[in-house]
Structure formats: C-alpha cells, structure tokens
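# kindly return the folded structure for what I paste below:
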Amino acid sequence: MTYLSNKILIVEDNEMWRDSFREWVGESYEVQVAQNPDQAMGICEKFGPDLVVLDLGLPQIDDGLNLLDELVKLGQDFKIIVVTSYQEHQYALEAQRRGAHSYFSKGDVNLENELPHLVKQTILMQQLERENKALRSKLKERIQFDNMVAVSRQMQAILEMIETVKHSREAVLITGESGAGKEVVARHIFQQGTVLKENFVAINCGALPPNLLESELFGYEKGAFTGAVRTTRGKFELADNGTLFLDEIGDMPLDLQVKLLRILETKRFYRLGGEKEISVSFRLISATNKPLAEMIKTGKFREDLYYRLNVIPIHLPALRERPDDIPAMIDYFVEKFCRENNLTKPQVSNRVIAFLSHLPWEGNARELENTVKRLILTNPKRIDMEHLPTDLLEENENFLDRALANELTMEEVTRIYAKMVLELKKGNKKDACKLLDINYRTLVKKLEKLEA
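Predicted structure coming up:
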C-alpha cells in the first residue's frame, strides 16, 4: 500500500477548545488551525488537508453549516468531522446529510480519548479510499482493451507478452484456475493479433462427451452416422484463417489428442465420414486448469502434444494473487452489467471496494462478477457495507475489518498483509517480495515485528 501524508485542519473559534483539539490530536499529524470561515477556506485551498475538524458553532450554527457546504463544494477528497455543543447535537445528522463523515460532541465525557480515536479511524478510511480510487482510475488510464483489466504488475506483464507475440502464428497455452479469465485473455490475443484475423472459434473440451467432441471438432458428412442429415463443418474448418480456442484441453481424450497432434503437424484433416482431405490454417490457443506436466507422467496427456501446445506459455494468476486488479474489475463489471441490462449505474462506496479487494475469491473473476451482479440487482442506487450479504461478511472477517474498526494501526495492517501474502506464496519469501513490491530485508523486518 502507498500511504499519503496526514494533514489536519482544525476550525474552531474558541481558543481554549482549539488548543485542546490540537493537543488531543497528537503529534503524528501535520496540523493547522483556523478561527473563522474565511481563514479556513484560504488555508484549506493551500494546505490540502486529509481531514478537517469543524466546529459547527462559528459562533452560530448557520456559520458552521454554511462553511461545511463551501468545503464540500471545493470537490476535494478530504474528510470532515463536525463538532457540536451539547445543545447543538441535533444538527450532527444534518451535517452528515450535507457531507460530513462523522461527528462528536463537546459534551462527551471521554472526549480527550475519543477524538484521537475518531481521527485515526477517519484517516485510515481516507487512505483506503484514496488507494482504491487510485487503482480504479488506472482502469481508464491504462486499460485500453475490451474485457481486459490489467492494473496489476502481473497482468501488465501478460499484456506486454501479448504485444511481443501478436505477429506470431505459434500456439499459445494459457494456464490458471477455473474462473480466472483464460478465455478473456485468449480473445484479447486474437483481437491484438495481426495475422489469422478472420474469426475466433471456441469450444470447451470438457463440456462434451468424446464422440460429440470429435464431431464438433472435425465436422461430418451427410449420412456419416445416425442423425447426420446434412454436411456440417467442424471447429477446425470454421477457424480457418482465424484462431481456434480449445478450453480445458486437459479434458481431451487421448485418441483425440493423437488426431489433434496430426492436424497441428500437417494442417490437414478429414470430416467424419468424408473422403476429401481439407487444408486449414489457424492459430491455436489452448487453456487448462489442470497440471498437464503431471498428467504426462501418469499417461493422461501426450508429451508430444504438450510441447506443440506450449510454444508460448501464459500463466494467468488467481485473482487473490493480484488484488490491485479488483477495484478496476468491480468498476468494469458494474458498468458492463448495467449497460447490458439498461440499468442506472449504482454508486459503490469506497469502503465496499476496499473490503471486496481483500477477499480470497476462490472462484476468481467469475465469482467476483456474480457477486457484483447480485449486489446491483438488490441495491440499484447505492451499494454500501450494510448491503453486503451476511454470509460474505461472516466468511471474510479479516484484518481489513479490524483495521476499519481501528483495532489495528497502519503499520500492523501492512505486517499482517505481508504475512498473508507469504502464506499465499507457500512460504516463498522471494515470490512474496515480488507481489508486495518490497525488498527481502523489509519483509523479514515486518514478519519479525509481527511475531514479537
């Protein structure tokens, strides 16, 4: 995570309270003070605070509310905590309606301790929101291709690889977990390619029984078998001068593997029941969630075919390994679903984005997309934390929840996140450092402090 500087502006006309607030906030922040609305606006525009602590009575309640409106109109992303007297407590809700983040009362008994707690919590929320806003903005800045969300370093590397091989006709093998988006990558390779551009033909080798898969791939002549009432072209033929995508290639039966290998070697084949040899030219892209190298050892996959398929290998990381992509993906799925269903795009709170970005997503992009659809259908105007399904919240009580509840410091959050990444990488510190974008010594220090 990248953390921004913490600047606080305190707006209070009473000198005693102003000095008390400044003392209670502590020395961890850069603090400036203002005594009236004009001074506050001038400082705010130059200082660029992360947080404004605003007394609503300046000295009248209307002065505070009017200043609150002016601060909101600035369009800056700082948070505002309003302060009320005991008599003005009823205006706190009005202030929140106008854009204040939270409030506290001068009548609170334990204000000396509650104020720094509230400030710390608000600053943490501000940082999380800014981080996710920055990631979401990268969708518009860096993603230029339909369906491809590539904010993370891992996905950017895949895009760079595609760019280098877009002129090639060689076979591509995409590996990755189910639901990670292998077909999306395959289609992107086709779209960016400069050769064999006529069409993109896809088939899932695991979705059909062997005999039907063979007829779908090769096609058949009229009368070749019962029910073959007309001559039908297969996927090999349909993909001529284009790209053929064989999804879940690890599920292809061994006898069909032999026939596929021959076609890749000769670029020729016969339809089922046919006597005329057909020539084709296509680029083959295969995908699998199975360990083909292990299957070769057990005789379930042909080694010679594997080397034919694996000329250009692309491994698609699981979504939990590239959390930087999640905010942009959420934006993409929201916009796509609303456009396809003629729905008004709801506002998704940054807190929801932050929470969803730290979930494990065992079902990868497919699970995330289905979750987004469910949230839109049940909350068409705005999606906030209280709208998340109970099961999702209960199953994912992690460090982010505790951080938002202010039980963890920012440093503690980063240490716990580092430990989670290390566990994800099965203890491989080198791989963890790459994902965290830190050096080995920094990782070791964070882990040592966590265990201390």
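# please pull out the lowest mean pLDDT helix or strand from the protein.
Lowest on mean pLDDT, DSSP states H and E among the helices and strands of the chain sits helix 399-404, with a mean of 49.
# what are the buried residues along stretch 251-265?
Neighbour-count burial for stretch 251-265, counted by 16 or more other C-beta atoms under 10 Å, picks out 251, 252, 257, 259, 260, 261, 263. No exception for glycine: its C-beta is placed from N, CA and C like everyone else's.
# and what of stretch 60-80?
Applying 16+ other C-beta under 10 Å to stretch 60-80 flags 61, 63, 64, 65, 67, 68, 71, 78, 79, 80 as buried.
# what do you get for stretch 214-232?
Neighbour counts over stretch 214-232 (16+ other C-beta under 10 Å) mark 214, 215, 216, 217, 218, 219, 220, 221, 224, 232 as buried.
# if I pick the fourth one, what's in contact with it?
In this structure, residue 217 makes contact with 203, 234, 235, 236, 256, 260, judged by C-beta atoms under 8 Å, 6 or more residues apart in numbering.
# wait, isn't the fifth one in contact with residue 215?
No: the pair residue 256 and residue 215 does not pass the contact test of C-beta atoms under 8 Å, sitting 11.0 Å apart.
# sorry, back to before: can I get the buried residues of stretch 60-80 in CSV with distance to residue 356 and secondary structure?
Compiled in CSV, the buried residues of stretch 60-80 are given as follows (distance: C-beta to C-beta, whole Å; DSSP: H, G, I helix; E, B strand; the rest coil):
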residue, distance to residue 356, secondary structure
61, 38, helix
63, 40, helix
64, 35, helix
65, 34, helix
67, 35, helix
68, 30, helix
71, 29, helix
78, 24, coil
79, 21, strand
80, 26, strand
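# what helix or strand does residue 258 sit in?
helix 254-266 (DSSP states H and E).
# how far does that helix sit from the chain's center?
Put simply, helix 254-266 sits 38 Å off its chain's centre (C-alpha atoms, centre = their mean, to the nearest Å).
# need the next SSE after it, C-terminal direction.
strand 268-269.
# quick one: strands adjacent to that following strand?
Here strand 268-269 is paired, per DSSP bridges, with strand 278-279 (antiparallel).
# name the next helix or strand downstream of the strand it pairs with, please.
Next element after strand 278-279 (DSSP H and E): strand 282-288.
# does anything pack onto that next one? Which helices or strands?
strand 172-175, helix 182-192, strand 242-247 (3 or more C-beta pairs under 8 Å, 6 or more residues apart in numbering; DSSP states H and E).
# can you list phi and psi of residue 195 for me?
Main-chain torsions, residue 195, degrees, to the nearest 10: phi -130, psi 160.
# return the residues in contact with it.
Counted by C-beta under 8 Å, 6+ apart, residue 195 has contacts 167, 168, 169, 283.
# and those, which are buried?
With neighbours counted using 16+ other C-beta under 10 Å, the contacts of residue 195 contain these buried positions: 168, 283.
# geometric centre of this protein: which residue is closest?
By C-alpha atoms, centre = their mean, the chain has its centre lying nearest to residue 326, at 0.6 Å.
# what sits against residue 256?
Counting by C-beta under 8 Å, 6+ apart, residue 256 touches 210, 213, 214, 217.
# make a markdown table out of the contacts of residue 195 and add pLDDT, secondary structure and distance to residue 270.
Formatted as a markdown table, these follow (pLDDT from 0 to 100; DSSP: H, G, I helix; E, B strand; the rest coil; distance: C-beta to C-beta, whole Å):
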| residue | pLDDT | secondary structure | distance to residue 270 |
| --- | --- | --- | --- |
| 167 | 88 | coil | 31 |
| 168 | 90 | coil | 28 |
| 169 | 92 | coil | 23 |
| 283 | 95 | strand | 22 |
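# avg pLDDT for stretch 103-123?
Across stretch 103-123, the average pLDDT comes to 80.
# mind listing what's buried along that stretch?
Residues of stretch 103-123 classed as buried: 103-106, 111, 115-116, 118-123 (neighbour count, 16+ other C-beta under 10 Å).
# again with stretch 286-303
Neighbour-count burial for stretch 286-303, counted by 16+ other C-beta under 10 Å, picks out 286, 287, 288, 289, 290, 292, 295, 296, 301, 302.
# now, the most widely separated pair of these?
Pairwise distances across the buried residues of stretch 286-303 peak at 18.5 Å for 289 and 302 (criterion: C-beta to C-beta).
# follow-up on the earlier one: please name whichever of the buried residues of stretch 214-232 scores lowest on pLDDT.
Model confidence across these bottoms out at residue 224, which has 83.
# I'd say it and residue 275 touch.
No: applying C-beta under 8 Å, one finds residue 224 not in contact with residue 275, separated by 11.0 Å.
# residue 339 and residue 327, how far apart?
Distance, residue 339 to residue 327, by C-beta to C-beta, to the nearest Å: 19 Å.
# thinking again about what came up before, put together TSV for the contacts of residue 256, with distance to residue 247 on each row.
TSV is the format used below for these (distance: C-beta to C-beta, whole Å):
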residue	distance to residue 247
210	16
213	12
214	16
217	13
